[in-house]
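Trainee: here is a sequence with its predicted model. Questions after.
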Amino acid sequence: MNIGLTTQETLGLMKDSLAKNVTISTGLTAYDLQAPAKNLYPTITPLRNSLPRVARLNPGDAAHWRSIFATTGSGFDAMGWVPEGQRSASMSYSATSVTLPYVTLGEEDTVTFEAEAAAQGFEDINATATLRILQKTMRKEETALLGGNTSLALGTPGAPTLSASGTGGTLPAATYSVIVVALTFEGYRNSSLPGGVAATKAITGNDGATYTLNGGSSMRSANTTQAVATGQTLFATAPIVNAAVAYAWYVGPAGSETLQAITTINSAAFNAPLTAGQQAATAITADNSRNPGLAFDGLLTDGFNPATSSFVQALASGPAGTGTFLTPSGRGSIVEIDNMLMQMWNSYRLSPTVIYVNAQEQKNITAKCLTNASGSLV
């Protein structure tokens, strides 16, 4: 007598049971984790990569050098005539001693023993952490080389000039107050509409010690008010601030202005309802544009510094919210760049071998240079 199920019948019942109770949603599936982890972030550091590292035998706490800025000839500087049998007088030098203290750039990461053990067979977590920390430090160094600021304070911008005009806007009719805050290159990188303008940040290091960094923002300006009728657009223009690369705009009822825009020109236009919940202008209580004693001046800051006599050409403010653009020469070049090149040659007999611009201006410059009129010249 057959008192049990056959093996085939048992397997069939088990399959039916699993098919009914186990699905992909239970998570009982293979986990295809590819090694190593993918680093999906850019590491583009052309300035850092092009600047040589200089080793010093006894570096001390600062770099010291002397710069000769001019050699002045005896007599008339442009004439070297000397009578027969006589000698010229000695020329003189314009020399300056320069001392720049060394500063520290830092970034850290942490790998625990447990994480190291858990990663065995997947990736060398110490090696990849070292790579990522190196890449992050390189990115910070690139920002420092371009826009580090120890010497130029933005101060307090002048109050913006306001107007209202036009039709078709959806900004509610009211009297609006506008405040502006200027941003350095670092301040522009550190700020955003959701996160607010960077003022200061207290940092606790892995050694437990704390320090504070200034984010790169000026003191807030005085406010200006403007009545806006239904359908009109509110326009705001701030006086140009030397060393500022962007401007943050706080708009709202007087005393309750909040961050509504960050622009790379010294003006803004508002034609839609304001965004609620943004950073209040009262969060900006001081000029936090530089880090004296901690930073060094980057190329932009050095160029903006009046003491360096660098060529700086500020474009006209133009229509609020639109600004002005680089000017095509009609012969395959840009007027403002031509002016810069001419000034560099006339003053220093120098010509650059490369010009760095942002992606937006590279596109604009190309469009202005490669026209039907200039094509044959190029």
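Mentor: Noted; the coordinates are in hand.
Trainee: what are the buried residues along the longest helix belonging to the chain?
Mentor: The longest helix of the chain (DSSP state H) is helix 125-147. By 16 or more other CB atoms under 10 Å, the buried positions in helix 125-147 come out as 125, 129, 132, 135, 137-147. Where C-beta positions appear, they are placed from N, C-alpha and C, glycine not excepted.
Trainee: which stretches in the stretch 1-150 of the chain count as helices?
Mentor: Here the stretch 1-150 of the chain has its helices, by DSSP state H, counting those that start in this stretch, at 7-21, 46-50, 113-118, 125-147.
Trainee: tabulate those helices (JSON lines), appending distance to R66 and mean pLDDT.
Mentor: As requested, these are arranged in JSON lines below (distance: least, CB to CB, whole Å; pLDDT from 0 to 100):
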{"stretch": "helix 7-21", "distance to R66": "84", "mean pLDDT": "66"}
{"stretch": "helix 46-50", "distance to R66": "25", "mean pLDDT": "93"}
{"stretch": "helix 113-118", "distance to R66": "51", "mean pLDDT": "93"}
{"stretch": "helix 125-147", "distance to R66": "23", "mean pLDDT": "95"}
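Trainee: distance to S97 added to those, as CSV?
Mentor: What follows is these, written out as CSV (distance: least, CB to CB, whole Å):
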stretch, distance to S97
helix 7-21, 83
helix 46-50, 27
helix 113-118, 50
helix 125-147, 24
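Trainee: which one of the ones you listed lies closest to P59?
Mentor: Among those, helix 125-147 comes nearest to P59, with 17.8 Å by CB to CB.
Trainee: just checking, what packs against the helix or strand that the closest one is followed by?
Mentor: Per DSSP states H and E, helix 125-147 leads on to strand 161-165 as the next helix or strand towards the C-terminus. Judged by 3 or more CB pairs under 8 Å, 6 or more residues apart in numbering; DSSP states H and E, the packing partners of strand 161-165 are strand 224-228, strand 233-237.
Trainee: okay, the ones you listed in TSV with mean pLDDT, distance to E257 and mean neighbour count next?
Mentor: Output for the helices and strands packed on strand 161-165, formatted as TSV (pLDDT from 0 to 100; distance: least, CB to CB, whole Å; neighbours: other CB atoms under 10 Å):
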stretch	mean pLDDT	distance to E257	mean neighbour count
strand 224-228	98	10	16
strand 233-237	98	11	24
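Trainee: put together TSV for these, with distance to F304 on each row.
Mentor: Converted to TSV, the helices and strands packed on strand 161-165 look like this (distance: least, CB to CB, whole Å):
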stretch	distance to F304
strand 224-228	26
strand 233-237	20
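Trainee: quick one: closest of the ones you listed to A63.
Mentor: Using CB to CB, the nearest of the helices and strands packed on strand 161-165 to A63 is strand 233-237, at 41.5 Å.
Trainee: would you put the C-alpha positions of the closest one in PDB?
Mentor: Output of strand 233-237 as PDB, limited to C-alpha atoms (Å, rounded to 0.1, in the frame of the first residue of the first chain):
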ATOM      1  CA  THR A 233       8.300  94.300 -13.100                       C
ATOM      2  CA  LEU A 234      10.600  95.400 -10.300                       C
ATOM      3  CA  PHE A 235      14.100  96.300 -11.500                       C
ATOM      4  CA  ALA A 236      17.100  96.700  -9.200                       C
ATOM      5  CA  THR A 237      20.700  97.800 -10.000                       C
END
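Trainee: neighbouring strands for it, and are they parallel or not?
Mentor: Its sheet considered, strand 233-237 pairs with strand 161-165 (antiparallel), strand 267-270 (antiparallel) by DSSP bridges.
Trainee: out of the ones you listed, nearest to A222?
Mentor: strand 161-165 (11.9 Å).
Trainee: compute the inter-axis angle for the closest one and strand 224-228.
Mentor: The directions of strand 161-165 and strand 224-228 differ by 0 degrees, with axes from the mean of the first three to the mean of the last three CA atoms, to 10 degrees as the criterion.
Trainee: what's strand 161-165 in contact with?
Mentor: 176, 178, 224-229, 232-238, 320 (CB atoms under 8 Å, 6 or more residues apart in numbering).
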